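[1] this one's structure only:
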Ligand code: GDP
């Protein structure tokens, strides 16, 4: 019988593994919970970058080159906006814009983000449940040498160049996990932490009240987003460095040490396995780079097989 899983994800790395998982697990066996700490309001629009990356990916509409936005895009809106001298650092294509206008309209009419997301999934023909981590506003602020920057300003406007000092998740104290999130964990046999940025994609999800408690006693399996000491994409490795930690798969394991039962690390990091095992975290070495569609499925298969092994080992204890 197939496992019942909850997967926690950010955008780029998260969406790729999630894509693999959805080809293997039926919708009633998999709940996807996505970071909303990257969300912000721009040009009066409600923007949810990670949710949209996951949604577009599962809809088969994601742009594989950019890692954000849609494939079949045109740019008339942005071009016209530029002529007005308006801010265009955050790029919204015409079709993407339509989604944002509609999400904002529905939210202004009082619908929570989770309801809007469910409706969009139906429209895109996505059968799996995608939950934003919360319906309440949580805003990741990156504390840098250039001052405190809302995440998208740090990441997009300033190309993640400012020196990072720390992070905070504004609004997290009052934010409730989205309806169904904690229940999904309770109903799941295991929770998967996708290869997303630990600091700004997974930590905000884990910081929501009740989430760490819900994970206690649950088999939790991660996939390292750090391969050979580097991030595949984005500032994750730089962030470890900024926090005084040498980036490595081992550093990722240590970061999640409180909650992790097992972790999949890349073949190039095989020599780190004993060090991670010594932390009490079971370690599987495999190819974790997802360059192609078959890579996503193969890694998801390995994640599920390893998870099943850990569940089995747990049940024998
Ligand atoms: P973001 O919200 O767009 O930053 O997306 P995520 O946090 O989900 O993903 C960013 C992380 O994904 C980075 O730290 C990358 O190293 C990692 N990543 C991207 N592609 C891959 C991949 O193919 N394999 C692994 N293991 N990690 C990946």
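    Perfect, thanks for sending it. Everything numeric in this text was worked out from a predicted model, so none of it was measured.

[2] All the helices of the stretch 51-200 of the chain, in order from the start?
    76-83, 94-108, 113-124, 151-152, 181-187 (DSSP state H, counting those that start in this stretch).

[3] Quick check: residues of the protein near the ligand?
    For the chain, the contact set with the ligand under Cβ under 6 Å from any ligand atom comprises 9-14, 16, 38, 50, 195-197, 201, 223-225, 227, 231-234, 236, 288-290. Every C-beta, even on glycine, is put in place using the N, C-alpha and C of the backbone.

[4] rerun at 5 Å
    Within the chain, the positions near the ligand by Cβ under 5 Å from any ligand atom are 10-14, 50, 195-197, 201, 225, 231-234, 236, 288-290.

[5] ok, back up a step: can you lay out the helices of the stretch 51-200 of the chain as JSON lines showing distance to residue 207 and mean pLDDT?
    Putting these into JSON lines (distance: least, Cβ to Cβ, whole Å; pLDDT from 0 to 100) gives the following:
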{"stretch": "helix 76-83", "distance to residue 207": "34", "mean pLDDT": "97"}
{"stretch": "helix 94-108", "distance to residue 207": "23", "mean pLDDT": "98"}
{"stretch": "helix 113-124", "distance to residue 207": "18", "mean pLDDT": "98"}
{"stretch": "helix 151-152", "distance to residue 207": "14", "mean pLDDT": "96"}
{"stretch": "helix 181-187", "distance to residue 207": "13", "mean pLDDT": "98"}
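
[6] okay but residue 69 is in contact with residue 91, surely?
    Yes: the pair residue 69 and residue 91 passes the contact test of Cβ atoms under 8 Å, sitting 7.1 Å apart.

[7] Just the ones of the residues of the chain next to the ligand in helices?
    Among the residues of the chain next to the ligand, the members falling in helices (DSSP state H) are 12-14, 50, 236.

[8] coming back round to it: most tightly surrounded among the helices of the stretch 51-200 of the chain?
    helix 151-152 (a mean of 21; mean count of other Cβ atoms under 10 Å).

[9] For residue 230, give me the pLDDT.
    With respect to pLDDT, residue 230 scores 98.

[10] what sits against it?
    Residue 230 sits next to 237, 247 when contact means Cβ atoms under 8 Å, 6 or more residues apart in numbering.

[11] Look up how far residue 304 lies from it.
    Look at residue 230 and residue 304: by Cβ to Cβ, to the nearest Å, they are 26 Å apart.

[12] Repeat that for residue 236.
    Taking Cβ to Cβ, one finds residue 236 at 24 Å from residue 304.

[13] Same drill for those two, tell me which one is more crowded.
    Comparing residue 236 with residue 304 by other Cβ atoms under 10 Å, the one with more neighbours is residue 236, at 26 against 20.

[14] Mind listing the strands the helix or strand containing residue 6 pairs with, and their directions?
    Using DSSP states H and E, residue 6 sits within strand 5-9. Strand 5-9 pairs in its sheet with strand 30-34 (parallel), strand 190-193 (parallel), by DSSP bridges.

[15] of these, which approaches residue 97 most closely?
    strand 30-34 (20.6 Å; Cβ to Cβ).

[16] so residue 257 sits right up against residue 279, yeah?
    Yes: using Cβ under 8 Å, residue 257 is in contact with residue 279, at 5.7 Å.

[17] Verify the contact between residue 142 and residue 152 for me.
    No: counting by Cβ under 8 Å, residue 142 does not reach residue 152; the two are 9.8 Å apart.

[18] Quick check: neighbours shared by those two?
    If you check residue 142 and residue 152 against Cβ under 8 Å, 6+ apart, no residue is contacted by both.

[19] Tell me the residue of the stretch 1-150 of the chain that sits nearest the ligand?
    residue 13 (2.3 Å; Cβ to the nearest ligand atom).

[20] Give me the nearest residue to that residue, chain neighbours excluded.
    Of all residues not flanking residue 13 in the chain, residue 195 sits nearest, at 4.0 Å (Cβ to Cβ, 6 or more residues apart in numbering).

[21] What's the separation between that neighbour and residue 284?
    13 Å.

[22] more neighbours, these two?
    More crowded of residue 195 and residue 284, by other Cβ under 10 Å: residue 195, with 32 against 19.

[23] in terms of contact, does the more buried one touch residue 15 like I think?
    No: between residue 195 and residue 15 there is no contact under Cβ under 8 Å: 10.3 Å.

[24] Average pLDDT for the strand holding residue 6, rounded please.
    98.

[25] Can you pull out the low-pLDDT segments for the stretch 1-150 of the chain?
    Within the stretch 1-150 of the chain, the stretches with pLDDT under 70 are 1.
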